[in-house]
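**Student:** requesting a structural model of the entry that follows:
(chains A and B)
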There are 2 protein chains.
Amino acid sequence: MTPEPSTVTVADLGEQLLLQRLQAFCPSDLVGDDAAVLSTPPSEDLVVTTDLLVDGVHFSLGLATPEVNTTPPWDAGWRAAAANLSDLAAMGATPLGMTVGLGLPGHLPVTWLEQLYQGLTACLQPYHTPIVGGDICRSSVTTLAITAFGTVAPTQVIRRSQAQIGDAIVVTGVHGAARAGLELLLHPDVAATLPASRRSQLITAHQRPIPRLDVLPLLWRSLAAAAPERQAMVAGMDSSDGLADAVLQICRASGVGACLDRLAIPIPPDLCPWVTPEQAMEWALYGGEDFELVLCLPASVAHHFVTQLGAGAAVIGEILAGTGVSLIDPTGHLPVQCLSLGRGYQHFPH
Amino acid sequence: MTPEPSTVTVADLGEQLLLQRLQAFCPSDLVGDDAAVLSTPPSEDLVVTTDLLVDGVHFSLGLATPEVNTTPPWDAGWRAAAANLSDLAAMGATPLGMTVGLGLPGHLPVTWLEQLYQGLTACLQPYHTPIVGGDICRSSVTTLAITAFGTVAPTQVIRRSQAQIGDAIVVTGVHGAARAGLELLLHPDVAATLPASRRSQLITAHQRPIPRLDVLPLLWRSLAAAAPERQAMVAGMDSSDGLADAVLQICRASGVGACLDRLAIPIPPDLCPWVTPEQAMEWALYGGEDFELVLCLPASVAHHFVTQLGAGAAVIGEILAGTGVSLIDPTGHLPVQCLSLGRGYQHFPH
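**Tutor:** Numbering: from 1, shown residues only, chains lettered A, B, ... in the order given. Take a look at the predicted model:
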């Protein structure tokens, strides 16, 4: 692509040339009609998820104030794709494609938009997932509407409502890293003693989360080996709105309670030097945006599965009869704490 | 649903209650997980289309100036659903579901949103098409992101690129009605002699267009009877961006030209008393938003098909070798006119 001065705007280019530019990111056989046509695997169900992302809420254009721009366009694109792929992973689905709707102010630089698409496609590339269509229109606020769809065998759908009393609660990785990365971006002076490589790892966790599609084949293998009768009954969701939210939502949907072991929750080791244990636990439970999966499995499967997943994965608790979710300290130093919904990010807060 | 004062806003209700309100419009077995799961017919391909609609561009909230509000929320919802169903019809696809993403200012009345959803679901209802998911977030400008998906037998996909030299060009209904309806809304004083019922028909054509999903079974039946070898080779698209645009896009994608007969283009009879023939033809060709289908078929099929469709449907021209699209007057009164792209609505006009 020809390098272009970053001063060329969406309005300079006009709708037709802009569409041509963006179609370069789509497979040529999928665009050019009123809709895209895609083959789906026979006997699989369709899984669909959608997200709307708005400048100033989910990312910050920061065109006027680049110093507070915590999400450059490449990363905004990556995160948008990752969030939707993570929703598919949370259902047990393999991604098939994605559509992108864009509301754009005329003064937006075209380079911003191309970097957004580069981030989107970079995140999709390992999963061979194409952008199959989209729409652009003018808007006073930059808006990104993503719909992702995938397929899943009907026997492998993961649902929030399928947790069974006695299930082990598994997380596929550490929690709190994304929130810590945001802190480092917002307050570059904190954690001055943390080596640069460790800082950038936490910032990457915030800016470029990895959807955990990789865990699905391991999950099916562990289940097939240890508990084939439970393949159609895994409960789970992703932890994009926080670990506490995920466990609470699963319990509410399944009509069960849970008990989490404070010491078992995997927290990034790089938080220790500059964050109190209380703060680290707060970020792990409520920080959100870690995009790990929270799964409820028979204990026999869970331990095998966690071993397969390696670093960061852990059994953090158990599904119980009842309704509440309590956080316990097995050493007895801290009192039992009840988790509650609604401490994460709320649109339209009261 | 309890009647509610129109002063209750999105911010008053808050995100959780708002989600609950909107979920009432979705089948309960489809919401509540990270994504929706849908069964698809075996051996059919998936068809996906997406639209972004923004207040002030595609509809007008008109909260401050209700007198210029040409698209009340119920109609904005209907039109958004109709436009996406029309894209599916243009591909030959049967609708399966729709997702709705909403960017909302806090001051938006909840009743506006519920009327929008009532319009959406009213349009979807005849096709048994559910809203299968969505997303809400705050935004300074009301934004509606729709993704519709459907399925089609691989042998029945309608594409722009499939027009054959010698094909008859068929429209499934009159053109110019939606543009005329808009004129009546913008200038209530024009066409004073037009009876109220005729006025409201034109306004309805603008506010509540019908996606032409009904023509697909008739099309397959006509093709099966007269030209079974052409079932996989129908060219077409919808006329949402104008009839001229549709014919030009099909010709460009198929590498062919076309000739349209000025007298064959079906124009609503109610335009005669108050619009010049030149203006009526301009609206038919470039007005847009009629949401009819423009199809290229063997002549033998076309005439049978048009008879089946009844009032408004017509053969309007023929696909020719070459590249241009000319509009001819068989009586010889008017000179041949060459149609051109880009006279329809452009986002980001130069």
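**Student:** rest of the way, CA atoms for contacts and neighbours
**Tutor:** OK.
**Student:** in the stretch 151-300 of chain A, which spans are strands?
**Tutor:** Using DSSP state E, counting those that start in this stretch, the strands of the stretch 151-300 of chain A run over residues A:168-171, A:235-238, A:257-261, A:293-297.
**Student:** so what strands line up beside the last one?
**Tutor:** Strands flanking strand A:293-297 in the sheet, each with its direction: strand A:168-171 (antiparallel), strand A:235-238 (antiparallel) (DSSP bridges).
**Student:** CA atoms only for the longest helix anywhere in chain A - export them in CSV, please.
**Tutor:** The single longest helix within chain A, with elements called by DSSP state H, is helix A:73-90. Provided in CSV are the C-alpha atoms of helix A:73-90 (Å, rounded to 0.1, in the frame of the first residue of the first chain):
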residue,chain,number,x,y,z
PRO,A,73,-6.2,2.3,16.3
TRP,A,74,-4.3,-0.9,15.6
ASP,A,75,-5.0,-2.0,19.2
ALA,A,76,-8.7,-0.9,19.0
GLY,A,77,-9.1,-3.1,16.0
TRP,A,78,-7.3,-6.0,17.7
ARG,A,79,-9.3,-5.7,20.8
ALA,A,80,-12.6,-5.5,19.0
ALA,A,81,-11.8,-8.7,17.0
ALA,A,82,-10.5,-10.4,20.2
ALA,A,83,-13.6,-9.6,22.2
ASN,A,84,-15.9,-11.1,19.6
LEU,A,85,-13.7,-14.1,19.0
SER,A,86,-13.7,-14.6,22.8
ASP,A,87,-17.5,-14.7,22.9
LEU,A,88,-17.4,-17.4,20.2
ALA,A,89,-14.8,-19.3,22.3
ALA,A,90,-17.0,-19.0,25.3
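**Student:** C-terminal to that helix, what's the next element?
**Tutor:** strand A:94-104 (DSSP states H and E).
**Student:** helices or strands next to that following strand in the packing?
**Tutor:** Secondary structure elements in contact with strand A:94-104, counted by 3 or more Cα pairs under 8 Å, 6 or more residues apart in numbering or on different chains; DSSP states H and E, are helix A:73-90, strand A:131-138, strand A:143-152, strand B:45-54.
**Student:** one more time with 10 Å
**Tutor:** Counting by 3 or more Cα pairs under 10 Å, 6 or more residues apart in numbering or on different chains; DSSP states H and E, the packing neighbours recorded for strand A:94-104 are strand A:36-38, strand A:45-54, helix A:73-90, helix A:110-124, strand A:131-138, strand A:143-152, strand B:45-54, strand B:143-152.
**Student:** separation between residue A:59 and chain B?
**Tutor:** Going from residue A:59 to chain B by Cα to the nearest Cα, to the nearest Å gives 12 Å.
**Student:** and for residue A:226, the neighbour number?
**Tutor:** Residue A:226: 17 surrounding residues under other Cα atoms under 10 Å in any protein chain shown.
**Student:** list the contacts for the residue nearest to it when sequence neighbours are not counted?
**Tutor:** On the basis of Cα to Cα, 6 or more residues apart in numbering or on different chains, the spatially nearest residue to residue A:226 that is not a chain neighbour turns out to be residue A:301, at 5.7 Å. Residue A:301 sits next to A:167-168, A:219, A:221-228, A:230 when contact means Cα atoms under 10 Å, 6 or more residues apart in numbering or on different chains.
**Student:** neighbour-wise, which of those leads?
**Tutor:** Neighbour max across the contacts of residue A:301 (other Cα under 10 Å) = residue A:168, 27 neighbours.
**Student:** which parts of the lowest-mean-pLDDT helix or strand in chain A are buried?
**Tutor:** Least confident helix or strand, chain A: helix A:15-23 with a mean of 87, by mean pLDDT, DSSP states H and E. Under the neighbour-count criterion of 16 or more other Cα atoms under 10 Å in any protein chain shown, helix A:15-23 has A:15, A:18, A:21-23 buried.
**Student:** from residue A:163, how far off is residue A:247?
**Tutor:** As judged by Cα to Cα, to the nearest Å, residue A:247 and residue A:163 stand 10 Å apart.
**Student:** what do those two both touch?
**Tutor:** Here residue A:247 and residue A:163 have A:169, A:236, A:253, A:257, A:295-296, A:319 as joint contacts, going by Cα under 10 Å, 6+ apart.
**Student:** just give me the least confident of the residues you listed.
**Tutor:** Least confident of these in the model: residue A:253, at 94.
**Student:** can you confirm residue A:323 is in a helix?
**Tutor:** No: counting by DSSP: H, G, I helix; E, B strand; the rest coil, residue A:323 is not part of a helix but coil.
**Student:** list, one by one, the residues from the stretch 101-250 of chain A near chain B.
**Tutor:** A:101-107, A:132-152, A:154, A:157-161, A:236-238, A:249-250 (Cα under 10 Å from any Cα of the partner chain).
**Student:** let's go with 7 Å and repeat that
**Tutor:** By Cα under 7 Å from any Cα of the partner chain, the residues of the stretch 101-250 of chain A that approach chain B are A:101-102, A:106, A:133-139, A:145, A:147, A:159-160, A:237.
**Student:** contact partners for residue A:8?
**Tutor:** When contacts are counted by Cα atoms under 7 Å, 6 or more residues apart in numbering or on different chains, residue A:8 touches A:109-110.
**Student:** list phi and psi for it.
**Tutor:** The phi and psi torsions at residue A:8 (degrees, to the nearest 10) take the values phi -70, psi 130.
**Student:** just residue A:326 next, same as before
**Tutor:** As for residue A:326, its main-chain torsions (degrees, to the nearest 10) stand at phi -110, psi 150.
**Student:** and if you look at the one 10 residues further on?
**Tutor:** With angles defined as degrees, to the nearest 10, residue A:336 shows backbone torsions of phi -60, psi 140.
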